[in-house]
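Enquirer: Take this sequence and fold it.
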Amino acid sequence: MKVSMRYASRSALMDISGGAKLLQMAPNLARQQVSFDGALNRPLEFREAISALHDIVINDLRFEPRDKSAYQQWLVVQREQERTIRQAAMQQKRDEIAAGKVAKPDSDLKTAHASALKRYWSARKTLDRRLRKENKALWRRLMPYDPVITVADDVVFFECFSVDQSSYGCLTVDRGDGFGESGQTQFGTTNVDYSWDLYDSFQSLRTYRQTRFQIDPSAFEVTTSGGGEEHREEKIDLPDGWLRGFVKLQSAMGMPMRRVSLPTATMYSLLAFLKRNKAKTSPRAIRFELADGQVPRLTLEPWEQSIEATGSTYHGPPTEAIRVWGRRRLLTLSRLLPLAEGFDVYLLGTGLPSFWVARLGPMRLTLGLSGWTTNDWSAGTAIDMLMPQQKPDPADVASIAECLSSRRQGRLEELADRVRIAPDVAASALNELALRGQAVFDLHGGVYRWRSVLPMALSDKEMGPPHPEQQASTILLKQGKVLLKEAIAGPRGGVILTGEVESTPCEVLMDADGMIRRGKCLCSWHRKAGIRNGPCRHLQALRSQHRHSEQRSGSC
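Expert: Residues are numbered from 1 along each chain as shown. As a prediction, the model looks like this:
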């Protein structure tokens, strides 16, 4: 998909009077006018959180096999040479230590180290500039889409999506405590010019000098005829599935989840163990063992290393152990540990997406992870198929959109009450808005927010065709190949459906909201991954048949 970006200048950190700094973000002129100007009250927390957000963007852990035969031959020779050199160097150092000839690091060594660091950062900046100028395609593989910034009445939040389409990041800053008073504010959503130079500028933020954060309002007033720098225009070709993954994420964030609070010490133990150890055999999951009123326990497989979240208590319905994969992506949260007050983990179920929220006072960084690293949001994870499949009425979607866009935010019950529709209908309409890129769910606040990821709502063309399993379930229903035998109440709420689809026996557990929580089927799709990649066509068809039966009985 082609997306137009137009900027009047570059985002940069500039000096202003009195030794203060101005972090000026250049907005996308091809979108609605958005402006904000306020002092950063917590520059240290902002520096670390925005840097972690940057790490999420460039994160790409996809496996790409290569032909390593020539390398392996070279490696054998190289290892032998290194072994000989290392043994000689170690023996020489042992002799020097025994003779008392080892000197402490002097100023020359420290100067050489500082000089090497300076050369490294200079080379990285040079590479960044050359890629932007000479190879846009390669640059956009590192930074597919400039960050999305939304200015709301109570928060300012920054969103991004990783290159490998498996990680979502959102930094939310409360306007009351995170920023000082803002003189120029215009609500809305825009993109901001981003570069590695700007990332390096973030590292210079300090608590001992004032820093103002500004989404430049004057950029919309610049004219090319005034002799200033001409607008810089760019046509971005977003990678296939990147945009679909970005918005499908909202389907997962709006689903009912189990919340687990983790103290910072527990998170430190988890990340430290993952940093020091690398699993060589399967399984490679984090297993959450939760019981109401008990301390949550995290077990790292395959070592069976248990970490108890001492100081925290889980409150919720009893559940079997929940396992999540792709845990090395959590290392992007490492730099937040010294500043974090605690972490909240939101779990959908085994092998399903999880969300990790770092609390930093007036700021919160949300890291959303797909089921596992190679199971990206757009291709592998068909998480939206777990949701009820009835299409909301366009009139209800329009009413919810009008209400949410005017209020900027709202809880599900409040929005449903204002437009006078049932909560389940409102939830379906909000899910549709999220899939069109017009709404986002705030996990910490528990509210839906109006946010347009693009200047226009996404159409079916941008979203791509329905999932093959979803299309097949519709065909089976029309062909009359679905036999619903029994529908009984579940032990913990919801309903258990049993029946046959295409003469294949199957069983599905739905909760009160019509969401599939568990299933049994003999087909190859279900045997391979269960419902982690989305329920199979048979389970979906059985659920649809049950819904149609309820509608017919209700009409009678």
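Enquirer: for the helix or strand hosting residue 401, packing partners?
Expert: Taking DSSP states H and E as the criterion, residue 401 maps to helix 394-407. Where contact means 3 or more C-beta pairs under 8 Å, 6 or more residues apart in numbering; DSSP states H and E, helix 394-407 is packed against helix 412-419, helix 423-435, strand 447-450. In this view, the C-beta of every residue, glycine as well, is placed from N, C-alpha and C.
Enquirer: Out of these, point me to the one whose mean pLDDT is lowest.
Expert: When the helices and strands packed on helix 394-407 are ranked by mean pLDDT, helix 423-435 comes last with a mean of 86.
Enquirer: what's next to the helix holding residue 401, contact-wise?
Expert: Helix 394-407 is contacted by residues 410, 415, 418-419, 421, 425-426, 428-430, 432-433, 438-439, 448-450 when judged by C-beta atoms under 8 Å, 6 or more residues apart in numbering.
Enquirer: again with stretch 422-433
Expert: 250-251, 254, 384, 387-388, 390-393, 396-397, 399-401, 404, 412-413, 415-416, 419, 421, 439, 441, 448, 513-514.
Enquirer: quick one: that stretch to chain centroid distance?
Expert: Computed by C-alpha atoms, centre = their mean, to the nearest Å, the chain-centroid distance of stretch 422-433 equals 22 Å.
Enquirer: Same question for stretch 354-369.
Expert: 10 Å.
Enquirer: what do you get for stretch 405-412?
Expert: Put simply, stretch 405-412 sits 22 Å off its chain's centre (C-alpha atoms, centre = their mean).
Enquirer: List the buried residues in it.
Expert: 407, 408, 409, 410, 412 (16 or more other C-beta atoms under 10 Å).
Enquirer: of the residues you listed, closest to residue 71?
Expert: Nearest to residue 71 among these, counting by C-beta to C-beta, is residue 409 at 53.8 Å.
Enquirer: can you pull up the bridge partners for that closest one?
Expert: Beta-bridge pairing for residue 409 (DSSP bridges): residue 449.
Enquirer: got the contact list for it?
Expert: Contacts of residue 409 (C-beta under 8 Å, 6+ apart): 152, 153, 154, 442, 445, 447, 448, 449, 450.
Enquirer: Can you get me a residue count around the last one?
Expert: Spelled out, that is residue 450. 22 (other C-beta atoms under 10 Å).
Enquirer: same deal with the third one?
Expert: Applying other C-beta under 10 Å, we find 14 other residues in the vicinity of residue 154.
Enquirer: ok, it touching residue 177?
Expert: No - when contacts are counted by C-beta atoms under 8 Å, residue 154 is not listed as touching residue 177 (10.7 Å).
Enquirer: Distance of the nearest residue in space to residue 289 that is not next to it in sequence relative to residue 147?
Expert: Nearest residue to residue 289 in three dimensions, chain neighbours excluded: residue 297, at 4.3 Å (C-beta to C-beta, 6 or more residues apart in numbering). Shown here: residue 297 relative to residue 147, a distance of 36 Å by C-beta to C-beta, to the nearest Å.
Enquirer: before we move on, what about residue 402?
Expert: Distance of residue 402 to residue 147, computed by C-beta to C-beta: 28 Å.
Enquirer: So between residue 297 and residue 147, which is more surrounded?
Expert: Taking neighbours as other C-beta under 10 Å, residue 297 and residue 147 compare with residue 147 leading, 22 against 16.
Enquirer: Quick one: residues contacting the more buried one.
Expert: By C-beta under 8 Å, 6+ apart, the neighbours of residue 147 are 53, 57, 158, 159, 160, 191, 192, 194.
Enquirer: what's around the spatially closest residue to residue 251 that is not a sequence neighbour, how many residues?
Expert: Nearest non-adjacent residue to residue 251, counting by C-beta to C-beta, 6+ apart: residue 384, 4.1 Å away. As a burial measure, residue 384 scores 22 neighbours (other C-beta under 10 Å).
Enquirer: does residue 384 count as helix, strand or coil?
Expert: helix (DSSP: H, G, I helix; E, B strand; the rest coil).
Enquirer: quick one: which helix or strand includes residue 56?
Expert: helix 43-57.
Enquirer: Next: residue 306.
Expert: For residue 306, the element it lies in under DSSP H and E is strand 305-308.
Enquirer: again with residue 212
Expert: strand 211-215.
Enquirer: quick one: that strand to helix 43-57, angle?
Expert: When axes from the mean of the first three to the mean of the last three C-alpha atoms, to 10 degrees is applied, the directions of strand 211-215 and helix 43-57 differ by 50 degrees.
Enquirer: Output strand 211-215 as CSV - backbone C-alpha positions only.
Expert: Taking Å, rounded to 0.1, in the frame of the first residue of the first chain, the C-alpha atoms of strand 211-215 are listed here in CSV:
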residue,chain,number,x,y,z
THR,A,211,13.3,20.2,27.8
ARG,A,212,10.1,21.1,25.9
PHE,A,213,8.3,18.7,23.7
GLN,A,214,6.7,20.2,20.7
ILE,A,215,4.7,19.0,17.7
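Enquirer: tell me the mean pLDDT over it?
Expert: pLDDT averaged over strand 211-215 gives 87.
Enquirer: One more: stretch 266-280?
Expert: The model assigns stretch 266-280 a mean pLDDT of 93.
Enquirer: where are the low-confidence patches of the stretch 251-400 of the chain?
Expert: 375-382, 389-390 (pLDDT under 70).
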